[in-house]
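> build me a model from this:
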Amino acid sequence: MPLCNDIIKNRIIRFELSTPDQASKAAQLLADVPGIQQTRVVDPDHLRIHYNVEELTLQMIESALRDVGFDLSEDLIINFKRAVYSYCEDALRASIGVDQHAHDNQPSISLRHSSLKDPRPHNWRKFV
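Numbers count the residues shown, from 1 in each chain. Sure thing, here's the model as predicted:
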């Protein structure tokens, strides 16, 4: 199945091992977020997540987790995958009619009743 065509995405979020149980804590926080269909802890530093790309992107989810204080892995391969996923999800959202320029009007991810939103303009997120 092509990488970019599925509306429901199945990704793994990897955390640094610096803080124990980050994956399980993140799964608890993300369980009630609209657009996230399922979370499952694979290892103490791996979280498998299923989400609807019409409502969320991996970049939005990871940004919200960073804002709350989670330490995500910064391996070179992980960063490369993030860039590919971001490109595919942005292209898919554009092709199904989710307006990329109206990103500020889209609902932000709410973790613990605080609105977490990436403050960078959408076009800068691919480069910074």
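
> checking my notes, S18 in a helix, right?
No: counting by DSSP: H, G, I helix; E, B strand; the rest coil, one finds S18 to be coil, located in no helix.

> quick check: closest non-adjacent residue to it.
D71 (5.4 Å; Cβ to Cβ, 6 or more residues apart in numbering). Heads up, the C-betas are built off the backbone N, CA and C, glycines and all.

> from T57, how far out is A94?
Noted for A94: a distance of 12 Å to T57, by Cβ to Cβ, to the nearest Å.

> over to I78?
From I78 across to T57, the span is 16 Å (Cβ to Cβ).

> which helices and strands does the one helix or strand R93 maps to pack with?
Assigned by DSSP states H and E, R93 belongs to helix 76-95. In terms of contacts (3 or more Cβ pairs under 8 Å, 6 or more residues apart in numbering; DSSP states H and E), helix 76-95 is packed against strand 8-14, helix 58-68.

> show me how far that helix is from its chain's centre.
Offset of helix 76-95 from its chain centre (Cα atoms, centre = their mean, to the nearest Å): 10 Å.

> buried residues in it?
Within helix 76-95, the residues that count as buried by 16 or more other Cβ atoms under 10 Å are 82, 85-86, 88-90, 92-93.

> try stretch 30-43
30, 33, 35-36, 39, 41.

> average pLDDT across that stretch?
Regarding stretch 30-43, the rounded mean pLDDT is 92.

> what does it contact?
8, 12, 23-24, 26-27, 47-52, 54-56, 61, 65, 107, 109-111 (Cβ atoms under 8 Å, 6 or more residues apart in numbering).

> in helices, which of these appear?
23-24, 26-27, 61, 65 (DSSP state H).
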